[in-house]
Structure formats: C-alpha cells, structure tokens
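S.K.: Below: sequence and its predicted model.
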Amino acid sequence: MVIERPSIDTVWGWLSEVPDPEIPVISLTDLGIVRDVAWAGDTLEVTVTPTYSGCPATTIINLDIETALRERGVENIRLKRQLSPAWTTDWLTAEGREKLERYGIAPPRPAGGPEHCPLCKSPDVERISQFGSTPCKAQWRCRACLEPFDYFKCI
C-alpha cells in the first residue's frame with residue numbers, strides 16, 4: 001500500500017493547529033517560528049526558529065510538531081533549528097497579534113510598550129517590570145482598570 005505524501009500546504013495547515021506551549025491561544029505558525037516546510041526525498045523537513053536561542057519551550061515545541069505530523073501519518077521527519085536570522089516579533093501574523101490581545105496579552109509594537117490595556121483598552125498604562133511570565137514578555141499595569149497584563153516584547 002502506497003501512502004500519498006501530503007502537500008506542503010496541507011502540512012502548513014496542520015502546523016497552524018499546533019499551539020504554542022507557553023501561550024496556547026496562538027499557534028506556532030501565528031507566532032512565526034515555523035520558518036519552512038519542505039520535502040527532501042521522503043523526509044519532511046520543518047525549519048524552526050525559536051523566539052530566543054535559549055527558549056525553555058523549544059523541546060516541547062519540537063515534540064508537539066513531531067506528534068502532530070506523526071498523528072497524520074508522516075513518518076520521516078527532520079526538525080531543523082535555524083538561529084539566523086534571529087526570530088523577530090515582525091514574524092507574528094496579524095491574526096496572531098489579535099489572538100494575543102483577545103487573550104489579554106498586549107501585542108508587540110515597534111514604538112515600544114503597549115498601545116493600550118488589552119483588557120479595557122485604556123491607553124493609560126505603565127510598565128511594572130521588564131520581566132514577565134516568560135522571557136518574551138514584560139509586566140505592565142493599566143492605571144484605569146488597575147489590572148496587570150503581559151506585554152509581548154519587541155525583539
């Protein structure tokens with residue numbers, strides 16, 4: 001029995017369903033860390049650029065990618081780690097930015113700092129700490145609703 005290999009578009013669709021382990025409302029493709037998908041003979045190569053070279057979630061991300069592909073019948077998989085060019089928040093998709101905000105995380109902005117509170121939309125916000133719940137986030141607070149929130153740092 002010959003199993004037809006899936007198209008690259010199909011694989012991208014599958015990967016768009018794999019959530020980021022640290023921010024489960026955003027997919028790995030929305031995050032922009034899946035850089036390439038290609039067939040090399042009978043092996044599917046998936047190139048991944050972590051948000052940080054020392055990102056603690058990298059092992060889980062790789063395992064989740066492999067699991068998602070194996071569950072759909074892909075047996076020969078090679079995960080390639082690409083550190084250059086380094087990941088940037090510019091690679092976040094527009095949909096990914098919207099998902100972050102709906103989840104309560106202010107999406108990154110080139111101007112630095114959130115435009116407004118993701119919870120009440122007030123522009124009256126202040127930084128509490130450059131360090132948040134993960135290395136890629138900072139802690140901010142809204143002066144209007146007084147709620148703290150994460151801001152996804154520009155990188």
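M.R.: Ah, there it is.

S.K.: And the residue nearest the centre of this protein?
M.R.: Per C-alpha atoms, centre = their mean, the C-alpha nearest to the average position across the chain is that of Leu31, at 2.7 Å.

S.K.: Now do the same contact list for the closest residue to it other than its chain neighbours.
M.R.: Among residues not flanking Leu31 along the chain, Asp20 sits closest, at 5.4 Å (C-beta to C-beta, 6 or more residues apart in numbering). In this view, the C-beta of every residue, glycine as well, is placed from N, C-alpha and C. The neighbours of Asp20, taking C-beta atoms under 8 Å, 6 or more residues apart in numbering as the test, are Ile26, Ser27, Leu28, Leu31, Ala57, Ile61.

S.K.: One more: Asp64?
M.R.: So Asp64 contacts Val18, Pro19, Pro21, Leu28 (C-beta under 8 Å, 6+ apart).

S.K.: That one should be in a helix, yeah?
M.R.: Yes: looking at Asp64 with DSSP: H, G, I helix; E, B strand; the rest coil, it is inside a helix.

S.K.: what about it, distance to Gly112?
M.R.: Distance of Asp64 to Gly112, computed by C-beta to C-beta, to the nearest Å: 31 Å.

S.K.: Equivalent analysis for Leu31, please.
M.R.: Going from Leu31 to Gly112 by C-beta to C-beta gives 20 Å.

S.K.: need the contacts of Asp64 in JSON lines with neighbour count, secondary structure and distance to Arg102, can you?
M.R.: Formatted as JSON lines, the contacts of Asp64 follow (neighbours: other C-beta atoms under 10 Å; DSSP: H, G, I helix; E, B strand; the rest coil; distance: C-beta to C-beta, whole Å):
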{"residue": "Val18", "neighbour count": "18", "secondary structure": "coil", "distance to Arg102": "19"}
{"residue": "Pro19", "neighbour count": "15", "secondary structure": "strand", "distance to Arg102": "14"}
{"residue": "Pro21", "neighbour count": "15", "secondary structure": "coil", "distance to Arg102": "19"}
{"residue": "Leu28", "neighbour count": "22", "secondary structure": "helix", "distance to Arg102": "18"}
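
S.K.: Looking at those residues, which one is closest to Tyr103?
M.R.: Ranked by distance to Tyr103 (C-beta to C-beta), these are led by Pro19 at 11.3 Å.

S.K.: Excluding chain neighbours, what is closest to that closest one?
M.R.: Computed as C-beta to C-beta, 6+ apart, the closest residue to Pro19 that is not its neighbour in sequence is Ser27, at 5.9 Å.
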